[in-house]
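*Asks:* 3D, please:
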Amino acid sequence: MTGVRIHVYEDGAIPAELFARAEALREQAWPGGGPHDPALRPVAMLLVAPDGTVPATLDILNKDIVHGGRSYRASGLSAVVTDTAQRGKGHGRQLVAAARAEMAARGADVGLFTCDRSLRGFYGSAGWDVLEGSVLIGGTPEDPLPSDAPEFDMITLGAFFTERARRNADVFRNSRIALYPGEIDKLW
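*Replies:* Below is the predicted model of the structure:
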């Protein structure tokens, strides 16, 4: 599909027609997923074809975290989906790589998220590094949800955008990272 463009929208600013198309696409992968917690300052990224269809979409969630005694502006991927009829054409990879660049441009120090182990190659091909031995702790401090819980088969991926984050990248490897995104988005 030629002529696809990436559109970036702050939370609540997606035009109604594109919002409906993106939501229908998300329902393919996460039926009843619902909106993100506004406290995570969601940013939607949509790949839009010239005919107005949306072959892929994802959300970037953002929050400040403290890890290894330092604070960081962290961003992560959520609700990444490519239309089943459009898979294998590079749309998801294009969007995931663009999201990495968008996070850096918006001032994130680090990008962190988890995915199913089977998606390691896909995210790696879009510029994300596996943080071996790292676990994201979602949920809340009172009700934590670690990405290494027995019901998950996940890996943690990351990117270090600022010089300070690159200097301290080793503290993110082989560690438990307290993300605590909350009750609505238990683990981004």
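*Asks:* Mind telling me what element Leu47 is part of?
*Replies:* Per DSSP states H and E, Leu47 falls inside strand 43-48.
*Asks:* Adjacent strands (with direction) for that strand?
*Replies:* strand 5-10 (antiparallel), strand 56-67 (antiparallel) (DSSP bridges).
*Asks:* Could you pull out the buried residues of the first one?
*Replies:* Along strand 5-10, the positions that meet the burial threshold by neighbour count (16 or more other C-beta atoms under 10 Å) are 8-9. Glycine gets a C-beta too; all of them are placed from N, C-alpha and C.
*Asks:* before we move on, what about stretch 163-182?
*Replies:* Per 16+ other C-beta under 10 Å, stretch 163-182 contains these buried residues: 165, 168, 172, 176-177, 179-182.
*Asks:* hey, where'd the strands end up in this protein?
*Replies:* Using DSSP state E, the strands assigned to the chain run over residues 5-10, 43-48, 56-67, 70-82, 110-116, 129-130, 135-139, 144-146, 154-160, 176-178.
*Asks:* Dump the ones you listed to JSON lines, plus distance to Ala22.
*Replies:* As requested, the strands of the chain are arranged in JSON lines below (distance: least, C-beta to C-beta, whole Å):
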{"stretch": "strand 5-10", "distance to Ala22": "9"}
{"stretch": "strand 43-48", "distance to Ala22": "5"}
{"stretch": "strand 56-67", "distance to Ala22": "5"}
{"stretch": "strand 70-82", "distance to Ala22": "9"}
{"stretch": "strand 110-116", "distance to Ala22": "19"}
{"stretch": "strand 129-130", "distance to Ala22": "28"}
{"stretch": "strand 135-139", "distance to Ala22": "23"}
{"stretch": "strand 144-146", "distance to Ala22": "26"}
{"stretch": "strand 154-160", "distance to Ala22": "23"}
{"stretch": "strand 176-178", "distance to Ala22": "29"}
